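*Asks:* everything below, folded, please.
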Amino acid sequence: MTEAIFPLINTGELVKTCNNKNTILIDARSGNGAYENYVTEHLAGAIFVDLEKQLADIKPDVAVGGRHPLPGPEKFAQLLGDLGIDTDSHVIVYDDKNGANPAARFWWMLRSIGHSKVQVLNGGYAAALKAGFPTHSGEETALKREKYKAGKWLLPTVTMEEVEKAVGDNSFTVIDVREKMRYDGEHEPIDLIAGHISGAINVPYTNNLNQDGLFLPLSELRNKYAEVLKKTKPENVIVHCGSGVTACHTILAMDAAELPIPNLYVGSWSEWSRNNKPIATSSD
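*Replies:* Numbers count the residues shown, from 1 in each chain. Here you go, the predicted model:
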C-alpha cells in the first residue's frame, strides 16, 4: 500500500477537488428509500453505491459472518471498475449519517484493497448542502474502467474465535462503538439479543463528533483514544459494532488522529449474539 492521504475532506475543499478530472464522488447513503432519495437529489456528479448489494455479501444465515459480511476482494475490484475508479482516482465518499455508515465502510474497503487516495466528507451530505454545493437529480453515469487490480484485503480483521480469545486476555482492548443503550442491553433495535460482548468496552462512535456532526479536532481524538487504549499494542486493538459498518467510523477517526489502524471484527454483535457466546449487560 502506498502512503494514504488524510482521510477526511471538508466542504471548503470539496468544490476545488471535484473540479479535478480524476475525482470520483460517491453517494453512499443507505436505509429505506436511499436510492430513491439519490435519484431525487444528490451532490452533483455523485455516483450511488448500495451498502446492501455492493458493499456487503449478505448470507441467508446472519450467524455466519453477521449482517454485513465483506464481499470478496475480486468482487469489490469489479465494482470499482464499474464505478470508474482506477489507481489514479481521487475518491470522495459521503453519506447522510456523518460518515458513520457506508461512507466509512467504503473508505475502509478502498484502503484495504490498497487504494490510498480516498477521503470521507466531513459532515456528510448535510454539510455539503449547507455549504451550497450544487445538486442534481436523476442518475449519474459512471465512466467504466477495467477491473481494479486487487488481491486480498490488506487491513487487519479478526474472526469471532479470535475475539473470544482476546476478551479473555488483558493485553487486548476490544471496543464496541454502538450506542450506550445497545451496549448496556437496555434496547436492541436491530439484532435478536440485547447486550454486548463480555469483556468489551463501550466507546460510542458518536463521541468522535461535535454537536454539529463534524469530527472532533484531531488532537482531541488523539488524546481520547490514547486514554482508551492506554498501553495496548496496536495489533491488540479490536473494533466492532453491530455488523462491521459503523465500526469503520471509529477506525476512520483513529486514522485521522494518526493512530495505527486497529483490527476490524466484521461479524460484530450480529454474529456474536447468534452463536451462544458470552454476553453481558449493564445489570450484570
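
*Asks:* CA only for contacts and neighbour counts going forward, please
*Replies:* Fine.

*Asks:* residue boundaries of the strands in the stretch 151-284 of the chain?
*Replies:* With strands called from DSSP state E, counting those that start in this stretch, the stretch 151-284 of the chain shows them at 173-176, 196-197, 201-202, 237-240, 263-264, 279-280.

*Asks:* quick one: those as JSON lines, columns for distance to residue 124 and mean pLDDT too.
*Replies:* Below are the strands of the stretch 151-284 of the chain laid out as JSON lines (distance: least, C-alpha to C-alpha, whole Å; pLDDT from 0 to 100):
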{"stretch": "strand 173-176", "distance to residue 124": "23", "mean pLDDT": "98"}
{"stretch": "strand 196-197", "distance to residue 124": "29", "mean pLDDT": "98"}
{"stretch": "strand 201-202", "distance to residue 124": "24", "mean pLDDT": "97"}
{"stretch": "strand 237-240", "distance to residue 124": "22", "mean pLDDT": "98"}
{"stretch": "strand 263-264", "distance to residue 124": "23", "mean pLDDT": "98"}
{"stretch": "strand 279-280", "distance to residue 124": "34", "mean pLDDT": "96"}
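
*Asks:* in a markdown table: these, plus mean neighbour count and distance to residue 135.
*Replies:* Shown next, in a markdown table, are the strands of the stretch 151-284 of the chain (neighbours: other C-alpha atoms under 10 Å; distance: least, C-alpha to C-alpha, whole Å):
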| stretch | mean neighbour count | distance to residue 135 |
| --- | --- | --- |
| strand 173-176 | 26 | 36 |
| strand 196-197 | 25 | 41 |
| strand 201-202 | 18 | 38 |
| strand 237-240 | 25 | 34 |
| strand 263-264 | 22 | 34 |
| strand 279-280 | 18 | 46 |
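
*Asks:* now render these as TSV, adding distance to residue 152.
*Replies:* Shown next, in TSV, are the strands of the stretch 151-284 of the chain (distance: least, C-alpha to C-alpha, whole Å):
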stretch	distance to residue 152
strand 173-176	24
strand 196-197	28
strand 201-202	30
strand 237-240	20
strand 263-264	15
strand 279-280	32
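
*Asks:* for residue 92, find the nearest of the ones you listed.
*Replies:* Ranking the strands of the stretch 151-284 of the chain by proximity to residue 92 (C-alpha to C-alpha) places strand 263-264 first, at 21.7 Å.

*Asks:* ok so, going back, wait, which of the strands of the stretch 151-284 of the chain is closest to residue 140?
*Replies:* Of all these, strand 263-264 comes closest under C-alpha to C-alpha, at 32.1 Å.

*Asks:* counting contacts, what elements does the closest one pack onto?
*Replies:* strand 237-240 (3 or more C-alpha pairs under 8 Å, 6 or more residues apart in numbering; DSSP states H and E).

*Asks:* out of the strands of the stretch 151-284 of the chain, nearest to residue 47?
*Replies:* strand 263-264 (26.5 Å).

*Asks:* how about the nearest residue to residue 78, chain neighbours excluded?
*Replies:* residue 147 (4.8 Å; C-alpha to C-alpha, 6 or more residues apart in numbering).

*Asks:* tell me the spacing between that neighbour and residue 178.
*Replies:* To residue 178, residue 147 is 35 Å away according to C-alpha to C-alpha, to the nearest Å.

*Asks:* what's downstream of the one helix or strand in the chain whose mean pLDDT sits lowest, the next helix or strand?
*Replies:* The helix or strand of the chain with the poorest confidence is helix 11-18; it has a mean of 91 (mean pLDDT, DSSP states H and E). For helix 11-18, the succeeding helix or strand toward the C-terminus, using DSSP states H and E, is strand 23-27.

*Asks:* roughly how far is the next helix or strand after that following strand from the heart of the chain?
*Replies:* Counting by DSSP H and E, the element after strand 23-27 in chain order, helix or strand, is helix 34-40. Its chain's average C-alpha position is 21 Å from that of helix 34-40, according to C-alpha atoms, centre = their mean, to the nearest Å.

*Asks:* before we move on, what about stretch 81-101?
*Replies:* With C-alpha atoms, centre = their mean, you get 12 Å for stretch 81-101.

*Asks:* buried ones in it?
*Replies:* By neighbour count on 16 or more other C-alpha atoms under 10 Å, the buried set for stretch 81-101 is 81-86, 89-101.

*Asks:* could you tell me the end-to-end distance of that stretch?
*Replies:* 22 Å.

*Asks:* with adjacent residues omitted, what lies nearest to residue 177?
*Replies:* residue 204 (4.2 Å).
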